[in-house]
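Asks: structure of the sequence below:
(one chain, ligands or ions: 2)
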Amino acid sequence: MTSTKFQFTPDVLTVKVVVAGPGGVGKTTLLKRLETNNYIPAISTVGVNFLVLDHEIGETILRIAYWDYAGEDRFKSLFPGYCQGSSGGIVAFDTSRIQTLSEIPEWLKMMKEHNDPDLPVILLGNKIDTIGEEKRKLIAEAADKFVKDYGLSGYYFCSAKSGEGISSPFSHLGILLVERERKGKV
Ligand SMILES: Nc1nc2c(ncn2[C@@H]2O[C@H](COP(=O)(O)OP(=O)(O)O)[C@@H](O)[C@H]2O)c(=O)[nH]1
Ligand SMILES: [Mg+2]
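Replies: Ligands and ions are numbered 1, 2, ... in the order given. Next up is the predicted model:
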């Protein structure tokens, strides 16, 4: 006898996303916030941290392995190797230390050199809890220009401390990754 059962078999897509940027901008704390919805000040990253999180994107469960790279110079030489096989990237700077934005091109160059040059990359300006409206406006202008100049997929303000702006950049990246997979590019 055969019985018909309701079967739910969501599509699971597993990808690697590399997270980079100068040390101390809040990369690890951002991922902790995404994982726990809490502000858990991170212990300084030594080498690389891994975090696997599932994101629901339409019918697809997107399982992202985040490779959270330490920004210190002594680990930089290993970074190109760690970038291989990434499907997307996140680069972060600290809005309270605008000079950290000028360090991003170096990370982007290494990321793209060892991957598809069309790798979708999102720029995050973290720690917006520390700046006022005026400064936000100025930084948004600089970040918009940066996104155009470097062909990035988007720019978002966020704060790992307050939780503001955390979900949008990750859903945006998730949608881009699922679209690329449909086109056979992941
Ligand atoms: N005010 C504020 N501090 C933050 C925020 N995110 C991280 N931090 C602090 O910045 C420091 C560096 O964070 P960490 O995640 O280790 O930076 P990483 O080196 O980029 O991984 C820690 O003391 C965090 O508590 C934020 O959104 N706002
Ligand atoms: Mg870290």
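Asks: where does the protein dip in pLDDT?
Replies: 1-10, 185-186 (pLDDT under 70).
Asks: residues touching the residue lying closest to I90 once chain neighbours are set aside, list them.
Replies: Once flanking residues are discounted, I90 sits nearest to V19: 4.7 Å by Cβ to Cβ, 6 or more residues apart in numbering. (Glycine included, C-beta is placed from N, CA and C.) When contacts are counted by Cβ atoms under 8 Å, 6 or more residues apart in numbering, V19 touches K27, L31, Y66, W67, D68, Y69, G89, I90, V91, A92.
Asks: which of those sits closest to ligand 2?
Replies: K27 (4.9 Å; Cβ to the ion).
Asks: correct me, but the closest one touches G21?
Replies: Yes. K27 lies in contact with G21 (Cβ atoms under 8 Å); the separation is 5.9 Å.
Asks: ligand 2 contacts on this structure?
Replies: K27, T28, T45 (Cβ under 5 Å from the ion).
Asks: ok, the first one - how many residues close by?
Replies: Spelled out, that is K27. 29 (other Cβ atoms under 10 Å).
Asks: go on, N38?
Replies: Neighbour number of N38 under other Cβ under 10 Å is 9.
Asks: what about it, which SS state?
Replies: The three-state label given to N38 by DSSP: H, G, I helix; E, B strand; the rest coil is coil.
Asks: overlap in contacts of K27 and G21?
Replies: In contact with both K27 and G21: G71, A92, using Cβ under 8 Å, 6+ apart.
Asks: only C-alpha atoms, please: export stretch 162-176 in CSV.
Replies: This file holds the C-alpha atoms of stretch 162-176, laid out as CSV (Å, rounded to 0.1, in the frame of the first residue of the first chain):
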residue,chain,number,x,y,z
SER,A,162,22.6,48.5,19.4
GLY,A,163,21.6,46.0,16.7
GLU,A,164,20.6,48.8,14.3
GLY,A,165,20.9,47.9,10.6
ILE,A,166,22.1,44.4,11.2
SER,A,167,19.6,42.3,9.2
SER,A,168,19.4,44.2,5.9
PRO,A,169,23.0,43.7,4.7
PHE,A,170,22.9,40.0,5.4
SER,A,171,19.6,39.5,3.6
HIS,A,172,20.8,41.5,0.7
LEU,A,173,23.9,39.4,0.4
GLY,A,174,21.8,36.2,0.8
ILE,A,175,19.5,37.2,-2.1
LEU,A,176,22.5,37.9,-4.3
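Asks: pretty sure S87 sits against L177.
Replies: Yes. If you go by Cβ under 8 Å, S87 and L177 touch, sitting 5.6 Å apart.
Asks: quick one, helices of this protein?
Replies: 27-36, 73-76, 79-83, 104-113, 133-150, 167-182 (DSSP state H).
Asks: report the central residue of the chain.
Replies: Computing the C-alpha centroid of the chain and ranking residues by Cα atoms, centre = their mean puts I90 first, at 2.9 Å.
Asks: ok, now which ones touch that residue?
Replies: I90 sits in contact with V17, V18, V19, A20, K27, Y66, V121, I122, L124, P169, L173, where contact means Cβ under 8 Å, 6+ apart.
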